[in-house]
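>>> Got a predicted structure plus its sequence, pasted below:
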Amino acid sequence: QVQLVESGGGLVQAGGSLRLSCAASGRTFSRYAIGWFRQAPGKEREFVAAIGRITGTTYYADSVKGRFTISRDNAQNTVYLRMNSLKPEDTAVYYCAADNLAATSLEGYEYWGQGTQVTVSS
């Protein structure tokens, strides 16, 4: 079992940057793939990015490809989501999730954090 805590959200102007962190408890963090999802008001939760547990292979939604970068530091039990060139449509609550294999669907993850709010002003 793993517990996840997101941080790093906030208010930023369009074109700005933020780095989100997903800190995990437990000594088996390296065994988990981590995904980032987001949910805007009135919309369904959607996939943003994921990183594999072994090779660190990364996956991105088309809407963030080239702007967002996911990375992991297993020594720190943390996964990061670097977000550049932010747009107002990136405004959402961002969640990290963990499971054995990286996936792009919500159903692929068993463990979820509580989320962190990102607001991008125009």
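Received it, and whenever you're ready, just let me know what you need.
>>> and Asn84, what does it touch?
Contact analysis of Asn84 by CB atoms under 8 Å, 6 or more residues apart in numbering lists 17, 67-69. Quick note: C-beta positions are derived from backbone N, CA and C, even for glycine.
>>> One more pass at 10 Å, please.
15-19, 64, 66-69 (CB atoms under 10 Å, 6 or more residues apart in numbering).
>>> What of Arg82?
8, 17-20, 49, 67-71.
>>> Make TSV from the residues you listed and add neighbour count to it.
Formatted as TSV, the contacts of Arg82 follow (neighbours: other CB atoms under 10 Å):
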residue	neighbour count
Gly8	16
Ser17	11
Leu18	21
Arg19	13
Leu20	24
Ala49	26
Arg67	15
Phe68	22
Thr69	16
Ile70	25
Ser71	14
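>>> What is the nearest of the residues you listed to Thr104?
Ala49 (9.2 Å; CB to CB).
>>> hang on, the closest one packs against Ala103?
No - counting by CB atoms under 10 Å, Ala49 stays clear of Ala103, with 11.6 Å between them.
>>> Give me the common contacts of the two.
Residues touching both Ala49 and Ala103 by CB under 10 Å, 6+ apart: 35, 59.
>>> returning to that earlier point: in strands, which of the contacts of Arg82 appear?
Judged by DSSP state E, strands contain the following of these: 18-20, 49, 68-71.
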